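Undergrad: Quick one, structure for this:
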Amino acid sequence: VQLQASGGGLVQAGGSLRLACAASGRTFSSYNMGWFRQAPGKEREFVAAIGWNGDRTLYRDSVKGRFTISRDNAKRTVFLQMNSLKPEDTAVYYCAAAKGFTVFRAGYDYWGQGTQVTVSS
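TA: Residues are numbered from 1 along each chain as shown. Take a look at the predicted model:
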């Protein structure tokens, strides 16, 4: 599976962005998908995950109620809708694919190249 993330950019605090991650390969629908982020000088951290058929989702506490993960298996794409953005959301965002449903970085087999999200105050 090859992953290509897009949709990042510069936005003011309180604004919104929608990230997309397009996958190649016919096995996309069999993978659980996740979004991670990495701010400068910090570890890459879990943001959200969605099950292979969209039946379950999981979020880190700091984004609950503001971010929504979704997927369209017919289009082989997973999305991250980010609302009420805060400066602390500034990071490079990565999408990833895993056979298991997990929050752990090590559990993901494939990674996209990342897209920069910058939130100004």
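Undergrad: Residue 57 and residue 48 touch, don't they?
TA: Yes. Counting by C-beta atoms under 8 Å, residue 57 touches residue 48, with 6.7 Å between them. For every residue, glycine as well, the C-beta is placed using N, CA and C.
Undergrad: Common neighbours of the two, please.
TA: Shared contacts of residue 57 and residue 48 (C-beta atoms under 8 Å, 6 or more residues apart in numbering): residue 69.
Undergrad: So those two - more neighbours on which side?
TA: residue 48 (25 against 15; other C-beta atoms under 10 Å).
Undergrad: Can you name the residues that contact residue 109?
TA: Residue 109 touches 1, 96, 97, 98, 99, counting by C-beta under 8 Å, 6+ apart.
Undergrad: For the first one, give its distance to residue 53.
TA: Put plainly, it is residue 1. Per C-beta to C-beta, to the nearest Å, residue 1 is found 16 Å from residue 53.
Undergrad: for the protein, what spans make up the strands?
TA: 2-6, 9-12, 17-24, 32-38, 45-50, 57-59, 67-72, 77-82, 91-98, 110-111, 115-120 (DSSP state E).
Undergrad: could you list every residue that touches the residue nearest to the spatial centre of the chain?
TA: Nearest residue to the geometric centre of the chain (C-alpha atoms, centre = their mean): residue 35, 2.5 Å. Residue 35 sits next to 19, 21, 47, 48, 49, 69, 78, 80, 93, 94, 95, 96 when contact means C-beta under 8 Å, 6+ apart.
Undergrad: Show the average pLDDT along stretch 8-23.
TA: Mean pLDDT, stretch 8-23: 98.
Undergrad: Now do that stretch: distance to the chain's middle.
TA: 10 Å (C-alpha atoms, centre = their mean, to the nearest Å).
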